[in-house]
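Visitor: here you go, sequence then predicted model.
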Amino acid sequence: MRIIDSHVHVLNNYAPMEPFGDIGRVDRLLHLMDGAGVEMAIILPVVAKFSPDNNTECAQWARQHPDRLATMTDIQLHEPNAAELVINAKETYQSIGISYYPNSQDISWVLKEEHKPIWDAFSKTQLVCNLQVTPANHAIFVTLAEQNPAVNFLCNHLGLPGAFNTDNPNYNSLSPAQRLDNVYIKASAFYAAAKEPWDPKCPQALRYLSELIQLFGANRILWGSDWPPTGNHLTYKQSLEIIRVFSGLRENQRNLVLGENAANLFGI
């Protein structure tokens, strides 16, 4: 069984993790992957004031370890030159996808005609569009994915659930996307969806995952550790055992979630 981690960050100094900022170093990640039996990891660069060159750094690490690491490219899709950057990402960074963390609460701009070249660029390059989508934007995202069936979209962290109480109107607000074959969801950052972030059994988060699998199917869910932020609460191996030991998935479902889906989606 292939195990592929679909969500890691790699930096020599990850400022939010201080005083242990070096926990995100590439050598540390590879060591942890070895210990957990993880074959490959997909890097999401963190381009920030403390790491302005992380796209370039991650591309370099992926080139140095092609059998262990693959990288996305962080692109601010709201910028005027975003379409050009998407087109060039594969050649410049050997990117397998584009990661975007919106800079505002409202992403309704993604549906405007003037931004259509961005989605045309994704369609042309066949790069995966990896998004951080909040519940307030779930309806907009579903429309975006529906309008661009040739683009594969991947949502971070269980789709960022708006609520875990079924009586809450924000509960499972991403569920309309179940009908869209080009929408995938990461089973990642369980600590953020758990009542107790240190608990690898995380019953609340795993109940939600079970519902996502019923809605979307196990073939559209990808495991990711969200390392190193997960390290504030769990070990790297524990982040894997959430799925491998505690999820209650059948063997064929585990195989899909832990690696086969990532291999198929990203072609790795």
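Guide: Structure's in. What do you need?

Visitor: ok, Ile221 touching Ser210?
Guide: No - applying CB atoms under 8 Å as the test, Ile221 and Ser210 come out as separate, 10.5 Å apart. Every C-beta, even on glycine, is put in place using the N, C-alpha and C of the backbone.

Visitor: pick out whichever of those two has more residues nearby.
Guide: Shown here are Ile221 and Ser210; by other CB atoms under 10 Å, Ile221 has more neighbours (25 against 13).

Visitor: can you point me to the longest helix in this structure?
Guide: Determined from DSSP state H, the single longest helix within the chain is helix 203-216.

Visitor: following element in sequence after it, please.
Guide: Counting by DSSP states H and E, the next helix or strand C-terminal to helix 203-216 is strand 221-223.

Visitor: which strands or helices does that following strand pack on?
Guide: On a contact count with 3 or more CB pairs under 8 Å, 6 or more residues apart in numbering; DSSP states H and E, strand 221-223 meets strand 4-8, strand 183-187, helix 203-216, helix 261-266.

Visitor: contacts for the longest helix of the chain?
Guide: 158-159, 161, 164, 172, 175, 177-178, 183-185, 187, 190, 193-195, 221, 242, 246-249, 253, 257 (CB atoms under 8 Å, 6 or more residues apart in numbering).

Visitor: pLDDT averaged over stretch 183-203 - what is it?
Guide: Average pLDDT, stretch 183-203: 96.

Visitor: give the rounded mean pLDDT of stretch 79-93.
Guide: Summarised as a single mean, pLDDT over stretch 79-93 is 97.

Visitor: using PDB, list the CA coordinates for that stretch.
Guide: Output in PDB follows, covering the C-alpha atoms of stretch 79-93 (Å, rounded to 0.1, in the frame of the first residue of the first chain):
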ATOM      1  CA  GLU A  79      -3.400  39.200  -8.500                       C
ATOM      2  CA  PRO A  80      -3.600  40.500 -12.100                       C
ATOM      3  CA  ASN A  81      -0.800  38.200 -13.300                       C
ATOM      4  CA  ALA A  82      -2.200  35.000 -11.700                       C
ATOM      5  CA  ALA A  83      -3.100  33.200 -14.900                       C
ATOM      6  CA  GLU A  84       0.400  33.700 -16.300                       C
ATOM      7  CA  LEU A  85       1.900  32.400 -13.000                       C
ATOM      8  CA  VAL A  86      -0.200  29.300 -13.200                       C
ATOM      9  CA  ILE A  87       0.800  28.700 -16.800                       C
ATOM     10  CA  ASN A  88       4.500  29.000 -15.800                       C
ATOM     11  CA  ALA A  89       4.400  27.100 -12.500                       C
ATOM     12  CA  LYS A  90       5.100  23.600 -14.000                       C
ATOM     13  CA  GLU A  91       8.200  24.800 -15.900                       C
ATOM     14  CA  THR A  92       9.500  27.100 -13.200                       C
ATOM     15  CA  TYR A  93       8.900  25.000 -10.100                       C
END
